[in-house]
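Colleague: Coordinates for the following, if possible.
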Amino acid sequence: MFLHDTTVPRLVLVFDIRSLSQFNAGLSMLQTLFLCVVLALGNLLFSRDANRLVLQPIDRMVRKMQRIRDDPLSATTMGLIEHRREQIAAKLMTKRHLRLARAGGCYRFLRWLLMSRKATSQPMETVMLEATIIKLGTLLAVGFGEAGTKIVAKNLQAQGSGVNAMVPGCFVDAIFGFFLIREFDSATEILQKKIMLFVNQIGRIVHSVVDEYSGATNRNLGEAFLTVWSLSQRPDHEHRRLAELALMSVVQVTAKINTSMELAEYRAHPRFAARSPGFRVRVHVGLHTGWAIEGAIGSPSKIDASYLSNSVNTAARLQAASRQYKLHSLMSGEFVDLLGEDVQDHLRLVDSVIVVGSSVATGVYTMDLDVGVLKVDELPERVSHNRIKRLEVTAQRKAAKWSPDYSFVHALTTDPALVAMRKRYSDRFFSLYDMGYRNYQAGEWEVAKYYFEQTLDMLEGATPGATERDGPSEALLSFMKNRDFKPGDKWGGARSLTSK
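Modeller: Numbers count the residues shown, from 1 in each chain. Predicted coordinates:
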């Protein structure tokens, strides 16, 4: 069109570009949305990797450290859980590879790629640190044992980086078992450098059996092992079961030591045979229950977590007294009182004694076992070198001992090895010895002599037709003979032990 107010004519064209502007605006919005989605996905992927590789491991480490601070013994359980998790992950990876192998084509390439990545990948530092925390916690639990858990826990819970190992002790009620290797001096002289292997072979049996039966090995004293079953950490209704497990651990240690293929080789050693004909590895045990002080013994330079009390000494003295009676084990009346009547029926009241350091008489009992009938295992016991796997197997066996179906008497009367060891001890033998003991305690020593002389040679020997002398009958006859079978006016039904 022409503008009328100018002399120069102009042409003005008007274009409608609204649709193009809207289209460009839509593209800009899509571009912005696309960038937002890409950034969001990138952020999610980065956060996922950061959470999986950094934050989650750190959170797990903090929680593990907190658990170890509260209960240092829980480190062994953590290791078991981690082992199970690794096993599950390995099984899942194996199944994935099998599925890819069946597919063929490009899937085989993916399988090769996964395998190559697995072979070349290195563990992350956080994973290594997490595993190190578990291992250090496990080593603390193994090194300090149950008695040292409070020492470890108090120091981990304390503020600052200082360590105070000399913390006050605490009272505990427990069952104490004292295991001693017989003829250890001779073994040391004969084996010399190999004595360490000898002790560790026996120690492995003692430690594994005690652990399986809910106990804990506290100290290794060369020829002796102090073991503990803590009563303070369990409710009263579980004390009976724990006492039965302690007794069964003594029976099982005695059986395993005499059936071990490794330990049986020492019987044929010429120097052992020359010094002690018919030599076999023997371990004697004393069992007692009572209170003790649990804590650290030593100095800031070196400590041992252990137990101090006359109850521990009593267990050691009962072990020493077992040699007088030629028995594998002796247990105090206080310990026997924890057992059920059905279990007590399988024990023999051997004597009533006053141990060194005490003025009160206590009955001493034994579980009669004939180890001579046991046959050596034809194959050595298979022991896994994977500690976590051993813990898993032990945990399963330990749990089975606490099930309602477990019975000490049932195990004693159905296990072939235990039945064989108990076979030669007849009801008549126990009845005659009981009558002899009652008369001996009452001061009727001439009558007691009559019964003990019968039980002295009642037991069948290793060869057919031969007999083997009963140690308790022989010990009490010797004691009465030294006094001309006259108890005297001061006889109170108990005698003092002369050995510590």
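
Colleague: Three-state assignment for His239, please.
Modeller: At His239 the chain is in helix, as set by DSSP: H, G, I helix; E, B strand; the rest coil.

Colleague: do Gln233 as well
Modeller: coil.

Colleague: Toward the C-terminus, what is the element adjacent to the host helix or strand of Gln31?
Modeller: Assessed by DSSP states H and E, Gln31 sits inside helix 18-50. Per DSSP H and E, helix 18-50 leads on to helix 56-70 as the next helix or strand towards the C-terminus.

Colleague: Now that next one - C-alpha only, CSV.
Modeller: What follows is helix 56-70, C-alpha atoms only, in CSV (Å, rounded to 0.1, in the frame of the first residue of the first chain):
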residue,chain,number,x,y,z
GLN,A,56,27.3,-47.4,51.7
PRO,A,57,30.6,-49.0,52.5
ILE,A,58,31.4,-46.2,54.9
ASP,A,59,28.0,-46.6,56.5
ARG,A,60,28.6,-50.4,56.9
MET,A,61,32.0,-49.8,58.4
VAL,A,62,30.6,-47.4,60.9
ARG,A,63,27.9,-49.8,61.9
LYS,A,64,30.4,-52.7,62.1
MET,A,65,32.7,-50.6,64.3
GLN,A,66,29.8,-49.7,66.6
ARG,A,67,28.9,-53.4,66.9
ILE,A,68,32.6,-54.3,67.7
ARG,A,69,32.7,-51.5,70.3
ASP,A,70,29.6,-52.9,72.0
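
Colleague: Point out the other helices and strands that it packs with.
Modeller: helix 74-103, helix 125-144, helix 149-157 (3 or more C-beta pairs under 8 Å, 6 or more residues apart in numbering; DSSP states H and E). Heads up, the C-betas are built off the backbone N, CA and C, glycines and all.

Colleague: now that helix against helix 18-50, angle please.
Modeller: Interaxial angle, helix 56-70 versus helix 18-50 (axes from the mean of the first three to the mean of the last three C-alpha atoms, to 10 degrees): 30 degrees.

Colleague: what comes up buried for stretch 220-240?
Modeller: By neighbour count with 16 or more other C-beta atoms under 10 Å, stretch 220-240 contains the buried residues 223-231, 239.

Colleague: err, stretch 352-364, not the other one
Modeller: Neighbour-count burial for stretch 352-364 [16+ other C-beta under 10 Å]: 352-353, 355-356, 361-364.

Colleague: what do you get for stretch 364-373?
Modeller: By 16+ other C-beta under 10 Å, the buried positions in stretch 364-373 come out as 364-371, 373.

Colleague: Now intersect those residues with the strands, please.
Modeller: Applying DSSP state E to these, the entries found in strands are 364-366.

Colleague: give me phi/psi at Asp484?
Modeller: phi 60, psi 30 (degrees, to the nearest 10).

Colleague: That one: neighbour count?
Modeller: Taking other C-beta atoms under 10 Å as the criterion, the count of residues near Asp484 is 8.

Colleague: ok, back up a step: would you turn the ones in strands among the buried residues of stretch 364-373 into CSV with pLDDT and distance to Leu45?
Modeller: Output for those, formatted as CSV (pLDDT from 0 to 100; distance: C-beta to C-beta, whole Å):
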residue, pLDDT, distance to Leu45
Val364, 94, 73
Tyr365, 96, 70
Thr366, 95, 71
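
Colleague: thinking again about what came up before, what about the buried residues of stretch 220-240, which are in helices?
Modeller: Taking DSSP state H, the ones among those that sit in helices are His239.

Colleague: Make a markdown table from the buried residues of stretch 220-240 and add pLDDT to it.
Modeller: Converted to a markdown table, those look like this (pLDDT from 0 to 100):
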| residue | pLDDT |
| --- | --- |
| Glu223 | 88 |
| Ala224 | 92 |
| Phe225 | 92 |
| Leu226 | 93 |
| Thr227 | 94 |
| Val228 | 93 |
| Trp229 | 94 |
| Ser230 | 91 |
| Leu231 | 92 |
| His239 | 94 |
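
Colleague: Relative to Phe335, which of the buried residues of stretch 220-240 is nearest.
Modeller: Trp229 (10.1 Å; C-beta to C-beta).

Colleague: and which of the buried residues of stretch 364-373 is nearest Lys490?
Modeller: Val364 (20.7 Å).
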